[in-house]
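Novice: Need a 3D model of the sequence below.
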Amino acid sequence: MDTENNFLGKGWTFPPVITKYEGTDRFATGMVSDVIDINQSLEILFGTAVGERVMQAEYGCNVEDMIFEPINVTLVTRITERIRRAIIYYEPRIKLDKLDVFKNEENGIINLVIEYTVRSTNTRNNIVYPYYLTEGTNI
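Specialist: Model prediction:
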């Protein structure tokens, strides 16, 4: 049993990784903890559509429904507010300090730069989440 104190929680890796113990019939799932767990949880939150989770229908951001809209101030504001709301409601381990959106219209990319403070340890971290508006077009 893991006796390490884990203040920020522990969860499965994303994507899930299952490994077999050598010479046995036992399996283990890959686990992450602390800030890595928070960052992976944020990535899952940003990539989940509202209504996609049966038992938690409001979970997610619904950013993908804006994929064909022009990259302008209105789009950036809508994305910012959806991300901000999702973090406030579904990631209680952090306090959102700053959320910036940087657009690259030529490549169809919007980078979400999230700066946050972990509530239980009062440490600051950040994550950059690339949102691709033209995904799947480079065939």
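
Novice: Residue 12 and residue 114: what is the separation?
Specialist: Distance, residue 12 to residue 114, by C-beta to C-beta, to the nearest Å: 22 Å. For glycine as for every other residue, the C-beta is placed from the backbone atoms N, C-alpha and C.

Novice: Between these two, point out the one with more neighbours.
Specialist: residue 114 (22 against 14; other C-beta atoms under 10 Å).

Novice: Nearest residue to the more buried one in space, ignoring adjacent ones along the chain?
Specialist: residue 127 (5.1 Å; C-beta to C-beta, 6 or more residues apart in numbering).

Novice: Let's verify the one you found: helix, strand, or coil?
Specialist: Classification of residue 127 using DSSP: H, G, I helix; E, B strand; the rest coil returns strand.

Novice: pLDDT score for it?
Specialist: We have a pLDDT of 94 for residue 127.

Novice: dump the residue contacts of it.
Specialist: With contact set as C-beta atoms under 8 Å, 6 or more residues apart in numbering, residue 127 has these partners: 39, 42-43, 113-114, 116.

Novice: in stretch 71-89, what's buried?
Specialist: 71, 75-76, 79, 82-83, 86-87 (16 or more other C-beta atoms under 10 Å).

Novice: Reformat these as CSV; add distance to residue 55.
Specialist: Formatted as CSV, the buried residues of stretch 71-89 follow (distance: C-beta to C-beta, whole Å):
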residue, distance to residue 55
71, 34
75, 31
76, 32
79, 26
82, 21
83, 22
86, 17
87, 20
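
Novice: Is it possible to get a markdown table of these that adds secondary structure and distance to residue 103?
Specialist: Output for those, formatted as a markdown table (DSSP: H, G, I helix; E, B strand; the rest coil; distance: C-beta to C-beta, whole Å):
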| residue | secondary structure | distance to residue 103 |
| --- | --- | --- |
| 71 | coil | 5 |
| 75 | helix | 8 |
| 76 | helix | 7 |
| 79 | helix | 10 |
| 82 | helix | 16 |
| 83 | helix | 14 |
| 86 | helix | 20 |
| 87 | helix | 20 |
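
Novice: Perfect, that will be all.
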